[in-house]
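Asks: here is a sequence with its predicted model. Questions after.
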Amino acid sequence: MGDNEGRSKSAIAMTSSLAPLYPSHLQTLMQRASTALERGGFDHLVVPSGTIHYHLFDDRDYPYAVNPQFKAWAPLTSIPGSWLSFTPGQKPKLVYLQPFDYWHVVPEAPSGYWADHFDVVVIREPDEALQHLPADPARCAILGEPQSALGDWVPNNPQAVIDYLDYHRNWKTPYEIAMMRLATQRGVRAHRAAERAFRAGASEFGIHLAYCQAAGQDANELPYGSIIALNEHAAVLHYTERDRVPPAQVRSFLIDAGASHGGYACDITRTYAADASGEFQSLIDAVDRVQQQLNAKFTAGADFRQVHLDAHLMLAGVLHEFGVLRASAESAVESGVSSAFFPHGLGHGIGLQVHDVAGFASSDAGGRIEPPEGHPFLRFTRKLEAGMVMTNEPGVYFIDLLLDKVRQGPHADSVDWDRVDHFRPYGGIRIEDDLVVTDGEPVNLTRDEFAKPE
Ligand code: GLY
Ligand code: MN
Ligand code: MN
C-alpha cells in the first residue's frame, strides 16, 4: 500500500475487505511462478523492487517507479532496494529495505494483510540483501532493471519466464479486481470534482489541481499523466500541457485521468459540452451510446481485433448521421477515412500497468498477433477471456494533421468539410470505461462507481 493510503478509517475498512481475497491471489502467483521457472529451467524467482534514478549530472531524483513484477506480489509501491524471492514449494521471502535515513521518511515496518504470507527479513543497507537471496545466482530467474544488479545477482530477465508471467497476468484474480475497484473509487470521485471545476470555469491547470485534491494523489502517484483538455486541445490525443488561464470561450472538456490503489490503476475518460443543448452534446451522447453498445461486445471468446473494427463501423455511422461523413460508414472504414477520426486502438488490458503487458501475445510461450492492416495503434490483439480487465475507449476527434491528409487525398469527397469546421473548435470526444470480461455482459467497474450516489 502506498505510504499515504494506509492510515484513514476508510483505508482500514478497504484493507479488511482485501484480506480474505489475498491468499488465493498469492497462491495463483506462486503457481504461475512455478510453471514459469520450469519453462525457463530455473529454480528460483528473484525480483528486485527497483532503485532510485537520478537526473543526469544532478543529485535530484526522478519519482520512484516500482518494478511491476515486484508489486504483483504485494501492495508495496515505495520500498526501493527490496527483493522478493520465491522457490517453488516454499513460502515466498521478502527482503525489505528499511534504511537508517534521517533525510527521508523511512518506509514503515512491514505489516498488513499480506505480511504474514512472507518470510520477511528487514535489512538496513541495500547490500545486506546479498545474505538473504538464494545461494546460486546462476539458478535464478532475476526479473528487473540492469540498475538493480547487486553483486552476482544481475537481472537476466529470461524471455521464457517473462512470456509466461506476462501472458497470464492478463487474467486478474478477485483480489486484483478489488484493488482496481478501489482505484476506481478514487478516480470517479476525482472525475466528479474535475467536472465541477470545469463547470465553474477553471483553467486546465485548475481542473488538474481539483482532480488531484479529490483523488488524494499527486501527479507522481497517479498511474499516468492526466489529460485535461479544453476545446481544441481535446484533439491532441495525449495532451498534457495544462494552460494556466481558461480560454475566453469554453466549449468542451475531455478528461482522461486515472488513480492508483496499491499499485493497481484505473483509466477513465469522460467528455463534456459547456452547452448541454448544443449539437456537440448530441454528438457526445451518440458516442456514449456507441461506447455502451461496444461494452456488450467485451465478452469471452470475442476476437478483440474484430471488436475494434466493429467500433470503426459504429463510429463512422455516427459521423455519417451527423453529416460529417458523406460516404457510408462501410466505405469510410474500407477506405481508411474512419481512421482519421478514430486514430487509436479501442482498448487495452489494464492492471498493474495502465497499458498492461502481453496485449499482442499469441501464447504463454511467445509469439505475436499483429494488429489488423491499417490499425497500427491497436494495443491488444488477443481473444478476450473471462477474468481479463480491459478498457473500452472509442472516440472521434477533429485532428488537423490527419484530416488535412484526407482532404488532399483521393477520398476528400467522402467528408463534408463544413461540418468538420463546425466541430473542430470542440476538439474531440473519448469515453472510456474499465471492464471485467465474463462469459456474458462485462462487469463495468467505471459505470458501477459512477452509478453510486456521491
Ligand atoms: N490514458 C491513456 C489511455 O487511455 O490509454
Ligand atoms: Mn486507456
Ligand atoms: Mn485513458
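Replies: Great, that's in hand. Ligands and ions are numbered 1, 2, ... in the order given.

Asks: how far is the helix or strand encompassing Leu165 from where the chain is centred?
Replies: Using DSSP states H and E, Leu165 sits in helix 159-169. Averaging C-alpha positions (C-alpha atoms, centre = their mean, to the nearest Å) puts helix 159-169 19 Å from its chain's average.

Asks: repeat for stretch 62-70
Replies: Worked out by C-alpha atoms, centre = their mean, stretch 62-70 lies 15 Å from the chain centre.

Asks: mean confidence for it?
Replies: Computed over stretch 62-70, the mean pLDDT rounds to 97.

Asks: can you mark which positions in it are buried?
Replies: Going by neighbour count (16 or more other C-beta atoms under 10 Å), the buried part of stretch 62-70 is Val66, Asn67, Pro68, Gln69, Phe70. The way it works is simple: take the backbone N, C-alpha and C, and place the C-beta from them, glycine included.

Asks: how near is the first one to ligand 3?
Replies: This points to Val66. 21 Å (C-beta to the ion, to the nearest Å).

Asks: kindly report the same for the fourth one.
Replies: Remark: distance between Gln69 and ligand 3 (C-beta to the ion) = 23 Å.

Asks: with the last one instead?
Replies: Computed as C-beta to the ion, the Phe70 to ligand 3 distance reads 24 Å.

Asks: phi and psi next, for that residue.
Replies: phi -90, psi -50 (degrees, to the nearest 10).

Asks: distance-wise, check it relative to Val47.
Replies: Plainly put, Phe70 is 5 Å away from Val47 if you go by C-beta to C-beta, to the nearest Å.

Asks: now, among the buried residues of stretch 62-70, which is nearest to Val236?
Replies: Val236 has its nearest neighbour among those in Pro68, at 27.5 Å by C-beta to C-beta.

Asks: which of the residues in stretch 39-51 are buried?
Replies: Neighbour-count burial for stretch 39-51 [16+ other C-beta under 10 Å]: Arg39, Gly40, Phe42, His44, Leu45, Val46, Val47, Pro48, Ser49, Gly50, Thr51.

Asks: quick one: these as TSV, columns for pLDDT and secondary structure too.
Replies: Output for the buried residues of stretch 39-51, formatted as TSV (pLDDT from 0 to 100; DSSP: H, G, I helix; E, B strand; the rest coil):
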residue	pLDDT	secondary structure
Arg39	98	helix
Gly40	98	helix
Phe42	98	coil
His44	98	strand
Leu45	98	strand
Val46	98	strand
Val47	99	strand
Pro48	98	strand
Ser49	98	coil
Gly50	98	coil
Thr51	97	coil
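
Asks: could you dump those into JSON lines and include distance to ligand 1?
Replies: Listed next are the buried residues of stretch 39-51 as JSON lines, based on distance: C-beta to the nearest ligand atom, whole Å:
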{"residue": "Arg39", "distance to ligand 1": "30"}
{"residue": "Gly40", "distance to ligand 1": "31"}
{"residue": "Phe42", "distance to ligand 1": "34"}
{"residue": "His44", "distance to ligand 1": "35"}
{"residue": "Leu45", "distance to ligand 1": "29"}
{"residue": "Val46", "distance to ligand 1": "31"}
{"residue": "Val47", "distance to ligand 1": "26"}
{"residue": "Pro48", "distance to ligand 1": "27"}
{"residue": "Ser49", "distance to ligand 1": "25"}
{"residue": "Gly50", "distance to ligand 1": "22"}
{"residue": "Thr51", "distance to ligand 1": "26"}
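
Asks: so the most centrally placed residue in the chain is in which element?
Replies: Taking C-alpha atoms, centre = their mean, the centroid of the chain lies closest to Val354, which sits 1.5 Å from it. For Val354, there is no host helix or strand (DSSP H and E).

Asks: the protein: helices as residue ranges?
Replies: Using DSSP state H, the helices of the chain run over residues 9-18, 22-40, 68-71, 159-169, 174-199, 204-215, 279-295, 304-321, 329-335, 338-341, 400-407, 417-423, 445-450.

Asks: of those, flag the one that's most buried.
Replies: Highest mean neighbour count of these: helix 338-341, a mean of 24 (counted as mean count of other C-beta atoms under 10 Å).

Asks: how about the residues of the stretch 251-400 of the chain near ligand 3?
Replies: Asp256, Asp267, Thr269 (C-beta under 5 Å from the ion).

Asks: could you redo the last one with a cut-off of 8 Å?
Replies: Asp256, Ala257, Gly258, Asp267, Ile268, Thr269, Val354, Thr391, Glu393 (C-beta under 8 Å from the ion).
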